[in-house]
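Visitor: got a structure for you, letters missing:
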């Protein structure tokens, strides 16, 4: 019988680098306790330097806010269709509803677990048949794995529909040596507390068009027109990131490459330990064009597995180790189940047979040893 681990091992917890306090102190010293200031502009520049590809970045209060503004700036309105991956967190879909538009949920393909190109075309043709060609395609890079960029871009060009990249989970991931967040017409990143770097809460909108960045900043600061009084000709939002949170982000950017390396090392740990178990598939890059930050490492049990994901999850829980099922697809969620869905059952099968494992960059050797003990116990590895 295993003794319960006293220390909680989290799925993905914040991991501070130490220099964040320097930037926060600067904000206090200069009294920039506001949604503007030198840390805001500095964080944006840090991200632009990291992403390259002529990217322009506006840092905001959340990735969800960034996605909402991206849809607004593309011109999504009430009654429009927007193609959206079903296998994702609800924050990918909720902003579509904020605009009054209608999500067209699509299935995943098995290699990257992201948008199935065939299902995307099926959804687009459905919209066209209804006299409403979709206004946008939301392409998610799930758990840090880039989507099929070339295939989805070809569909975008064929139908003249813009792509919004949901790169909330994929900062530092790349496809053909180009960073995620730089492929779409616009893209979003999340800096939520569980992401690869964090600003506590926060996000960013990425665009190659400086005019879009300026408009995002305008809309995210209550759309105040240039006047000595408060003048408004557009609906605005309170979506700008604070100078204090941006200071945390500046400190986190200094350790981003290290955090990516540590997450990828965790992924290799799981590849090694599960190499002894043919009934387990570790979600990994399909080939060398893909580079994942492996924000979360996830596994899928094959149909001949003698144990279930729930058995694995509960065994981890007994040892104070957090795991989590794969995202429940949006088309199976009670709030969305009456909306259109296109494709097969890949997303559903991944949800039913998949599990996310502890992947934080602050996992220690002792943590991995505890994780290994549970895996060996469940699968009776000697």
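Guide: It's in. As the structure is a prediction and not an experimental result, all values here were calculated from the model. Numbering: from 1, shown residues only.
Visitor: Which residues does stretch 316-323 contact?
Guide: With contact meaning C-beta atoms under 8 Å, 6 or more residues apart in numbering, stretch 316-323 is reached by 2, 4-11, 312-313, 355-358, 370-371, 373-374. Yep, even glycine has a C-beta here, placed from its N, CA and C like the rest.
Visitor: If we use 7 Å, what do you get?
Guide: Stretch 316-323 is contacted by residues 2, 4-5, 7-11, 313, 355-358, 370-371, 374 when judged by C-beta atoms under 7 Å, 6 or more residues apart in numbering.
Visitor: Over to stretch 287-296?
Guide: Residues lying outside stretch 287-296 but in contact with it, judged by C-beta under 7 Å, 6+ apart, are 12, 143-146, 169-176, 195-196, 260, 263-264, 266-267, 285, 356, 359.
Visitor: Distance from the chain centre to that stretch, please.
Guide: Stretch 287-296 sits 13 Å away from the centroid of its parent chain (C-alpha atoms, centre = their mean, to the nearest Å).
Visitor: Check stretch 104-121 too.
Guide: Here stretch 104-121 shows a centroid-to-chain-centroid distance of 16 Å under the convention C-alpha atoms, centre = their mean.
Visitor: same thing with stretch 185-202?
Guide: 8 Å.
Visitor: Could you pull out the buried residues of that stretch?
Guide: By neighbour count on 16 or more other C-beta atoms under 10 Å, the buried set for stretch 185-202 is 185-192, 194-199, 201-202.
Visitor: Please verify my assumption that residue 274 contacts residue 282.
Guide: Yes - counting by C-beta atoms under 7 Å, a contact exists between residue 274 and residue 282, whose distance comes to 5.3 Å.
Visitor: Overlap in contacts, the two.
Guide: With contacts defined as C-beta under 7 Å, 6+ apart, the residues shared by residue 274 and residue 282 are residue 299.
Visitor: Which of the contacts of stretch 316-323 ranks first by neighbour count?
Guide: Scoring the contacts of stretch 316-323 on neighbours with other C-beta atoms under 10 Å, the highest-scoring entry is residue 357 at 25 neighbours.
Visitor: Verify the stated contact: it with residue 270.
Guide: Yes - look at residue 357 against residue 270 with C-beta under 7 Å: they come within range, at 6.2 Å.
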